[in-house]
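K.L.:
Whatever this is, show me its structure:
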Amino acid sequence: MLLAGDVGGTKTILALFPVAAAREGWLPLRVETFPSKDFSSLEEIIDQFLNGRTPLPTLASVGVAGPVEDNQAEITNLPWLLHAGRIQQATGIPRVLLLNDLQAIATAVPHLTAEDTAVINPGQPDPTGAMAIVAPGTGLGEAFLIWDGRRYLPCPSEGGHAAFSPTDALQRDLLAWLEKRLSHVSFERVCSGSGIPNLYRFLKEDGRYPEPAWLRDQLAQADDPTPIIVTAALNRQADICTATLNLLIDILGNECSNMAVKVLATGGLYLAGGIPPRILTHLQDGRFFHQFTDKGRFSPMMADIPIHVILNKQIGLYGAAYHGLKLMRTID
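P.N.:
You can find the predicted model right below:
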């Protein structure tokens, strides 16, 4: 039995996979989701999930939202320090592997089916070209895959923390506004679930859009303003929310374009994370594609890059499972 996990700042998903049944259409025996902030550690969640189960899984493979070094990780948007050895000791699982959550998603990308994705641009895919993954969720994750002559190798990245680079006057004003409030303005600060309130506050405090009274009241009572802002934008209930979403899409298109150019992603770009499926129709209306292809002399090449939105909500979980399965088969 293989324990797979997907640990994020908002939620942690755990599942048990039967190794002997691994094939196309591989399904877990049990899946459970936990609110991450309700627990003090991953070990506590694993103990609750296994609940005294015997025998224990042979191996645990866990994707985590943060950089992984020496099988240790600090979660970017959660006060957890993960150490594989301590998890093994606390849970009794013989071997624990930690990998970056975007590396886990990248691992699963070659296994995606047509039902797992929605198309923004069919493009002209290079069957052995590099592939890029950009995932705006609670934070902004990035990864890529390269072809080694036999298979795709997933590679982690922390590109979401690279410095934000504005592309027009509005975004330059946004950067100037944020620089007064933050020591470092990364793309994650303006292109993620945690970044959407920054865009909204900028548009409000800069005097560009009025804030309706009903919206102000809802936001004042909310623990997380992002869902309210996005819902109002999708329903066209407030101009300030529509403008916030448009600004997010412009910035996302630019950063996806940056990532695709840097890794020469002729094999395709995949948008993951919780936000893209939520705003899918807005990503397909041409605004995102215009920003993505706006690369001067490289615009024709950008137009040929396939772009897909990953709809499978458990993509990170499956990626961690495939990563663990590969190691188990190597050991065997």
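K.L.:
the strands in the chain, which residues?
P.N.:
For the chain, the strands defined by DSSP state E occupy 2-7, 11-17, 30-35, 59-64, 68-69, 72-74, 81-83, 95-100, 117-121, 131-136, 140-147, 152-157, 268-271, 307-310.
K.L.:
out of the ones you listed, nearest to Val230?
P.N.:
Val230 lies closest to strand 131-136 among those, at 11.4 Å (C-beta to C-beta). In short, each C-beta sits where N, CA and C put it, glycine included.
K.L.:
beta partners of the spatially most central residue of the chain?
P.N.:
Against the mean C-alpha coordinate of the chain, by C-alpha atoms, centre = their mean, the closest residue is Ala135 at 3.1 Å. For Ala135, the beta-bridge partners are Gly141 (DSSP bridges).
K.L.:
quick one: it and Leu102 touch, right?
P.N.:
Yes. Between Ala135 and Leu102 there is a contact at 6.0 Å, judged by C-beta atoms under 8 Å.
K.L.:
Now do the shared contacts for these two.
P.N.:
141-142, 272 (C-beta atoms under 8 Å, 6 or more residues apart in numbering).
K.L.:
list the contacts for Pro210?
P.N.:
With C-beta under 8 Å, 6+ apart, Pro210 has these contacts: 239-240.
K.L.:
pLDDT score for it?
P.N.:
Listed pLDDT for Pro210 reads 95.
K.L.:
distance of it from Ala238?
P.N.:
For Pro210, the distance to Ala238 (C-beta to C-beta, to the nearest Å) stands at 9 Å.
K.L.:
swap in Leu317?
P.N.:
From Leu317 across to Ala238, the span is 35 Å (C-beta to C-beta).
K.L.:
Over to Ala260?
P.N.:
32 Å.
K.L.:
Next: Ile146.
P.N.:
43 Å.
K.L.:
My guess is Leu311 contacts Thr113. True?
P.N.:
No. Look at Leu311 against Thr113 with C-beta under 8 Å: they stay out of range, at 10.4 Å.
K.L.:
Among these two, which residue is more densely surrounded?
P.N.:
Neighbour totals were compared for Leu311 and Thr113, and Leu311 leads with 15 against 9 (other C-beta atoms under 10 Å).
K.L.:
ok, now which ones touch the more buried one?
P.N.:
115-118, 277.
K.L.:
Out of those residues, which is nearest to Gly268?
P.N.:
Comparing the contacts of Leu311 against Gly268 with C-beta to C-beta places Thr117 closest, at 9.7 Å.
K.L.:
Grab the nearest non-local neighbour of that closest one.
P.N.:
Of all residues not flanking Thr117 in the chain, His308 sits nearest, at 4.1 Å (C-beta to C-beta, 6 or more residues apart in numbering).
K.L.:
Local confidence estimate at the one you found?
P.N.:
Listed pLDDT for His308 reads 98.
K.L.:
contacting residues for it?
P.N.:
His308 touches 112, 117-120, 268-271, counting by C-beta under 8 Å, 6+ apart.
K.L.:
returning to what we had before: in ChimeraX, select just the buried ones from the contacts of Leu311.
P.N.:
Buried members of these, defined by 16 or more other C-beta atoms under 10 Å, are picked up in ChimeraX with:
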select :116,117,118,277
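K.L.:
so which of the contacts of Leu311 would you say is closest to Gly193?
P.N.:
Gly193 has its nearest neighbour among those in Pro277, at 12.8 Å by C-beta to C-beta.
K.L.:
list the contacts for the spatially closest residue to Leu170 that is not a sequence neighbour?
P.N.:
Nearest residue to Leu170 in three dimensions, chain neighbours excluded: Leu247, at 7.0 Å (C-beta to C-beta, 6+ apart). Neighbouring residues of Leu247 by C-beta under 8 Å, 6+ apart: 170-171, 174, 199, 203.
K.L.:
and if you look at Leu112?
P.N.:
Neighbour list for Leu112: 270, 308, 310, 312, 315 [criterion: C-beta under 8 Å, 6+ apart].
K.L.:
want to throw those into TSV with distance to Phe34?
P.N.:
As requested, those are exported to TSV (distance: C-beta to C-beta, whole Å):
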residue	distance to Phe34
Tyr270	26
His308	29
Ile310	22
Asn312	19
Ile315	18
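K.L.:
Among these, which one lies nearest to Leu82?
P.N.:
Set against Leu82, the nearest of those by C-beta to C-beta is Ile315 (20.5 Å).
K.L.:
Pretty sure His111 is one of the things the closest one touches, is it not?
P.N.:
No. At 9.3 Å, Ile315 does not count as touching His111 under the criterion of C-beta under 8 Å.
K.L.:
Quick check: neighbours shared by the two?
P.N.:
Joint contacts of Ile315 and His111 (C-beta under 8 Å, 6+ apart) do not exist.
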